[in-house]
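Q: sequence first, predicted coordinates after that:
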Amino acid sequence: MATREIAGKTVQVNEEGFLTNPSDWTKEIAAELAKEEGIEVLTEGHWKVIDFARQYAGTGGASPTLRTITSGSGVNTKDLFSLFPKGPAKKVAKIAGLGKPEGCV
Amino acid sequence: MTDKPRKIAFICSKGTLDMAYPALIMGWAALGNGIEVTLFFTFWGMDLINKHRIDHLELAPVANTSMKMSLMGVKTGNLGIPNLMGVLPGMTAFATKLMRDKMNELDVPPVREFMQMLADAGAKMYACKMSVDMMDLKKEDFVDGVEAIVTAAEFIEMTEDSQIIFI
């Protein structure tokens, strides 16, 4: 476990750079983490997914699976993979300040 | 982590309902983690891309030693489904329904929808030339997402730097 400063806030992260405490998350942190993942600007589509993931995770802290995102957020598979290219499962979780999804599908 | 993207290729050679899912689930997980995925369908695996067969994949209890009575809701521990019972008319349909219901409960999509998800997520799908010839199939028989009919040699070439999983 390590601490780092993101968008002016000191937070705890795990060895893969995921926030360990979902309540540390802010929209500014999301924007900063997105840049690190190669997403320059978070658009409305991105926020639809991030907001859904945050809401779904609730206090549990685990990000929803991709299937849960596509069936619940209104963003389909194609769009999800183009919004968060090369690995949406991990990228959504990381940017939303959540843990990796706990399901397989 | 190296700069070179990881790639995985699945050879799908089985057409039963239970053997359709491993490549779909692992392929989906790989795509979700940013890994390039190729699926090559051959022999009985052709049923997974054949639009006339994809909704009719089945699971037979005969000679399946892992299928226990408990799967049918009869709490009998390790007691298997007797082969003699498995040959009764309707047993395959029954076992198939049980599995479909279980998958549905877990929110695992049916094979057709799953294949579409993989295609939408960028998986590349190919049909085996020899199986196509042997089964008298045409490109029109396949679900969307199957890009081409390729020979074994072409598949080997296109997966030069992939990890290959045979199912």
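A: Here it is on my side, so go on.

Q: next, find the distance separating the residue in chain A that chain B sits nearest to from B:M72.
A: Closest approach between chain A and chain B, counting by C-beta to the nearest C-beta: A:G87, at 2.8 Å. C-beta coordinates here come from the backbone N, C-alpha and C atoms, glycine included. In this view, A:G87 and B:M72 are 40 Å apart by C-beta to C-beta, to the nearest Å.

Q: same deal with A:G74?
A: Relative to B:M72, and taking C-beta to C-beta, A:G74 is found at 39 Å.

Q: swap in B:K51?
A: Separation of B:K51 from B:M72 (C-beta to C-beta) stands at 31 Å.

Q: now do A:L42
A: Where B:M72 is concerned, A:L42 sits at a distance of 50 Å (C-beta to C-beta).

Q: which one of those two is surrounded by more residues?
A: Neighbours per residue, other C-beta atoms under 10 Å in any protein chain shown: of A:L42 and B:M72, the larger number sits with A:L42, 18 against 15.

Q: which residues does that one contact?
A: Neighbouring residues of A:L42 by C-beta atoms under 8 Å, 6 or more residues apart in numbering or on different chains: A:A30, A:A31, A:A34, A:I50, A:I95.

Q: same check, this time on B:K139
A: Counting by C-beta under 8 Å, 6+ apart, B:K139 has contacts B:A127, B:V146, B:A148, B:I149.

Q: could you dump the residues you listed to a markdown table with pLDDT and secondary structure?
A: Below are these laid out as a markdown table (pLDDT from 0 to 100; DSSP: H, G, I helix; E, B strand; the rest coil):
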| residue | pLDDT | secondary structure |
| --- | --- | --- |
| B:A127 | 97 | strand |
| B:V146 | 96 | strand |
| B:A148 | 95 | strand |
| B:I149 | 96 | strand |
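
Q: just the buried ones from the residues you listed?
A: B:A127, B:V146, B:I149 (16 or more other C-beta atoms under 10 Å in any protein chain shown).

Q: quick one: residues contacting the residue in chain B positioned nearest to chain A.
A: For chain B and chain A, the shortest gap (C-beta to the nearest C-beta) falls at B:G34, measuring 2.8 Å. By C-beta under 8 Å, 6+ apart, B:G34 lies in contact with A:P85, A:K86, A:G87, A:K90, B:P5, B:R6.
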